[in-house]
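[1] sequence and predicted structure are below.
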Amino acid sequence: MLIGAGVEFVDRNHKLKPGDEISIMPPVQGG
């Protein structure tokens with residue numbers, strides 16, 4: 001799973017700052 005805070009990809013332990021936008025991208029599955 002990818003996690004973004006602000007405009008950077010971060011790890012799960014990243015501490016958010018006030019005003020951060022977050023994005024969570026689930027694993028992609030194809031078929």
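    On my side now, so go ahead. Here the structure is a predicted model, which means the values were calculated and not measured.
[2] hey, let's count contacts and neighbours off CA atoms from now on
    OK.
[3] which residues does residue 23 form a beta bridge with?
    residue 4 (DSSP bridges).
[4] tell me how many other residues crowd it.
    Residue 23: 14 surrounding residues under other CA atoms under 10 Å.
[5] for this protein, where's the lowest mean pLDDT among helices and strands?
    Least confident helix or strand of the chain, by mean pLDDT, DSSP states H and E, is strand 2-5 with a mean of 77.
[6] does anything pack onto the following helix or strand past that one? Which helices or strands?
    With elements assigned by DSSP states H and E, the helix or strand that comes after strand 2-5 is strand 8-10. The helices and strands touching strand 8-10, judged by 3 or more CA pairs under 8 Å, 6 or more residues apart in numbering; DSSP states H and E, are strand 2-5.
[7] in the strand it packs on, what counts as buried?
    4-5 (16 or more other CA atoms under 10 Å).
[8] residues contacting it, please?
    9-12, 16, 20-27 (CA atoms under 8 Å, 6 or more residues apart in numbering).
[9] of these, buried ones?
    With neighbours counted using 16+ other CA under 10 Å, the contacts of strand 2-5 contain no buried positions.
[10] would you point out which residue is most central in the protein?
    Closest to where the C-alpha atoms of the chain average out (CA atoms, centre = their mean) is residue 3, at 1.6 Å.
[11] what's near enough to touch the residue lying closest to that residue once chain neighbours are set aside?
    Of all residues not flanking residue 3 in the chain, residue 24 sits nearest, at 4.8 Å (CA to CA, 6 or more residues apart in numbering). Going by CA under 8 Å, 6+ apart, residue 24 touches 1-4.
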